[in-house]
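would you be able to build a 3D model of this:
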Amino acid sequence: MDTLQNMRVFVRVVESGSFTAAAQHLNTTTAYASRAVSDLEAHLHTRLLNRTTRRIALTEAGERYLQRCQQILSYVEEAEAEASDAHARPSGKLRLHAMASFGMHYIVPVVGRYQRRYPDVSVDLTLAQRTPDLLDEGFDVSVVVGYDLPDSGLISQRLGTVFSIACASPAYLERRGVPSTPADLANHSCLRIVTPASVFDKWNFDGPNGMETFTVSAPSFQVNGADSMSVAVREGMGIAVLPTYAAMRGLESGELVWILPEYTAMQLNIYALYPSRQYLDAKIRTWVDFLHDELPATLAAEQAAMRKFAHA
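Below is the predicted model:
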């Protein structure tokens with residue numbers, strides 16, 4: 001028995017004054033309307049309406065039940081309107097995840113621009129060096145960086161790519177010399193970034209001779225974040241492969257030098273992950289669309305700015 005629908009029929013019968021009028025309003029038959037009320041009475045073990053061939057009248061129990069039905073149906077209508085509005089208008093809390101360093105450099109600024117366009121959306125952003133379980137942890141969208149994605153059943157949208165470069169401090173290069181090929185890195189102190197998802201112990205360099213791989217077998221230092229590694233490199237601790245966003249400030253200040261400037265390393269894909277494409281909440285839909293519009297242009301501008309450091 002569809003109790004909610006039967007409540008709607010019962011209320012309409014009382015408000016219309018007859019089963020026939022209620023059936024016409026609901027675009028159904030008089031027999032269906034009568035059966036709906038009878039099913040309610042059987043379910044409740046209570047008579048709600050006294051019926052004659054000419055009129056209907058509420059019983060005392062029917063009067064009380066009518067008030068409750070009207071309240072419940074009003075709440076249901078409000079809930080449906082609110083849910084429909086969420087599909088149409090971005091509002092409420094948007095729970096986001098992004099990889100820590102990447103999120104700090106790229107996602108936080110995009111959030112600021114997004115909220116200027118959609119001021120009714122509040123954002124709860126978590127930065128963490130891992131890919132969360134969106135359903136269990138309650139995130140709406142996750143922005144992850146990696147070579148590829150595991151088969152998770154989530155909807156993914158590729159937003160672009162980032163690459164890394166080999167960097168060292170001027171003081172380190174003065175002490176140890178400047179490598180001219182990836183193979184020369186074997187004679188240097190190499191520093192390694194590790195994350196819960198992966199250990200970047202193979203540096204894949206794309207350069208004039210195609211793809212060349214250098215294995216960091218015995219790092220003198222490792223850390224779980226690109227920004228922390230950037231500090232270590234600026235301190236002269238060795239050579240590291242840094243994402244461009246973590247290297248840019250040091251290159252601009254002269255604290256870092258792009259070594260092997262004819263090579264780029266470790267190109268990674270950027271993905272937005274979210275649970276479903278069907279009946280997508282407006283704040284999720286507009287955030288993913290906004291990322292798709294904003295992030296590629298930001299990445300392209302940064303990569304263009306990197307060219308001035310290639311032969312510095």
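
residue 188 versus residue 203, what's the distance?
Distance, residue 203 to residue 188, using C-beta to C-beta, to the nearest Å: 12 Å. (C-beta placed from N, C-alpha, C; glycine too.)

test for you: state the pLDDT assigned to the closest residue to residue 219 other than its chain neighbours.
Nearest residue to residue 219, sequence neighbours excluded (C-beta to C-beta, 6 or more residues apart in numbering): residue 192, at 3.9 Å. For residue 192, the pLDDT comes out at 90.

so how far is the host helix or strand of residue 192 from its chain's centroid?
In this structure, residue 192 sits in strand 191-193 according to DSSP states H and E. Distance, stretch centre to chain centre, for strand 191-193: 28 Å (C-alpha atoms, centre = their mean, to the nearest Å).

and residue 93, what element?
Assigned by DSSP H and E, residue 93 falls in strand 92-98.

go through that strand and flag the buried ones.
Of all the residues in strand 92-98, those buried under the rule 16 or more other C-beta atoms under 10 Å are 94, 95, 96, 97, 98.

got a list of contacts for that strand?
86, 103, 106-107, 111, 120-128, 132, 134, 137-144, 281, 283-284, 287 (C-beta atoms under 8 Å, 6 or more residues apart in numbering).

at 7 Å instead, please
86, 107, 121-128, 132, 138-143, 283, 287 (C-beta atoms under 7 Å, 6 or more residues apart in numbering).

quick one: the strands in the stretch 1-150 of the chain?
Counting by DSSP state E, counting those that start in this stretch, the segments of the stretch 1-150 of the chain that form strands are 49-51, 56-58, 92-98, 121-127, 141-146.

partner strands of the first one, parallel or antiparallel?
Under the criterion DSSP bridges, strand 49-51 sits next to strand 56-58 (antiparallel) in its sheet.

contact partners of the strand it pairs with?
13, 14, 18, 48, 49, 50, 66.

state the helix or strand in which the closest residue to residue 171 other than its chain neighbours lies.
Closest residue to residue 171 apart from its sequence neighbours, by C-beta to C-beta, 6+ apart: residue 236 at 4.5 Å. Using DSSP H and E, residue 236 maps to neither a helix nor a strand.

wait, residue 236 touches residue 169, no?
Yes - between residue 236 and residue 169 a contact is recorded at 4.5 Å, counting by C-beta atoms under 7 Å.

quick one: which of the two has more around it?
Each of residue 236 and residue 169 has its neighbours counted (other C-beta atoms under 10 Å); residue 169 has more, 21 against 17.

that one against residue 254, yeah?
No - using C-beta under 7 Å, residue 169 is not in contact with residue 254; the gap is 9.6 Å.

out of the contacts of strand 92-98, which are buried?
Here, 16+ other C-beta under 10 Å leaves 86, 107, 121, 123, 125, 127, 139-143, 283, 287 buried among those.

so which two of those residues are the farthest from each other?
86 and 127 (25.9 Å; C-beta to C-beta).

sorry, back to before: list just the nearest of the contacts of strand 56-58 to residue 178.
Comparing the contacts of strand 56-58 against residue 178 with C-beta to C-beta places residue 66 closest, at 86.8 Å.

nearest spatial neighbour of that closest one, skipping sequence neighbours?
residue 14 (5.8 Å).

swap in residue 129?
residue 195 (4.5 Å).

chain center to stretch 272-290: distance?
With C-alpha atoms, centre = their mean, you get 8 Å for stretch 272-290.

quick one: terminal-to-terminal distance for it?
Stretch 272-290 stretches 11 Å from its first residue to its last (C-alpha to C-alpha, to the nearest Å).

contacts for it, please.
Contacts for stretch 272-290 (C-beta under 7 Å, 6+ apart): 86-92, 94, 110, 114, 118, 121, 134-135, 140-144, 154-157, 159, 291.

cutoff 6 Å now
Contacts of stretch 272-290 with the rest of the structure, by C-beta atoms under 6 Å, 6 or more residues apart in numbering, involve 86-90, 94, 114, 121, 134, 140-143, 154-157, 159, 291.

if we can go back for a sec, show the pLDDT at the residue nearest to residue 129.
71.

can you tell me how far it is from residue 242?
14 Å.

out of these two, which sits in the busier spot?
residue 242 (27 against 19).

what about the more buried one, which helix or strand?
Judged by DSSP H and E, residue 242 forms part of strand 240-243.

that strand packs against which elements?
If contacts are counted by 3 or more C-beta pairs under 6 Å, 6 or more residues apart in numbering; DSSP states H and E, strand 240-243 sits against strand 155-168, helix 226-234.

distance from the first one to the middle of the chain?
The reference is to strand 155-168. 17 Å.

direction included, what does it pair against?
Strand 155-168 has the following sheet partners, assigned by DSSP bridges: strand 240-243 (antiparallel), strand 257-258 (antiparallel), strand 264-274 (antiparallel).

CA atoms of stretch 112-127 as CSV?
Extracted in CSV, the C-alpha atoms of stretch 112-127 (Å, rounded to 0.1, in the frame of the first residue of the first chain):
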residue,chain,number,x,y,z
GLY,A,112,37.7,31.9,-4.5
ARG,A,113,36.6,32.7,-8.0
TYR,A,114,33.8,30.1,-7.9
GLN,A,115,32.3,31.6,-4.7
ARG,A,116,32.3,35.1,-6.2
ARG,A,117,30.1,33.7,-9.0
TYR,A,118,28.0,31.5,-6.7
PRO,A,119,27.9,33.3,-3.3
ASP,A,120,25.2,30.9,-1.8
VAL,A,121,27.7,28.0,-1.8
SER,A,122,29.9,27.5,1.2
VAL,A,123,33.0,25.3,0.6
ASP,A,124,34.6,22.8,3.0
LEU,A,125,38.0,21.9,1.3
THR,A,126,40.2,19.1,2.6
LEU,A,127,43.8,18.9,1.4
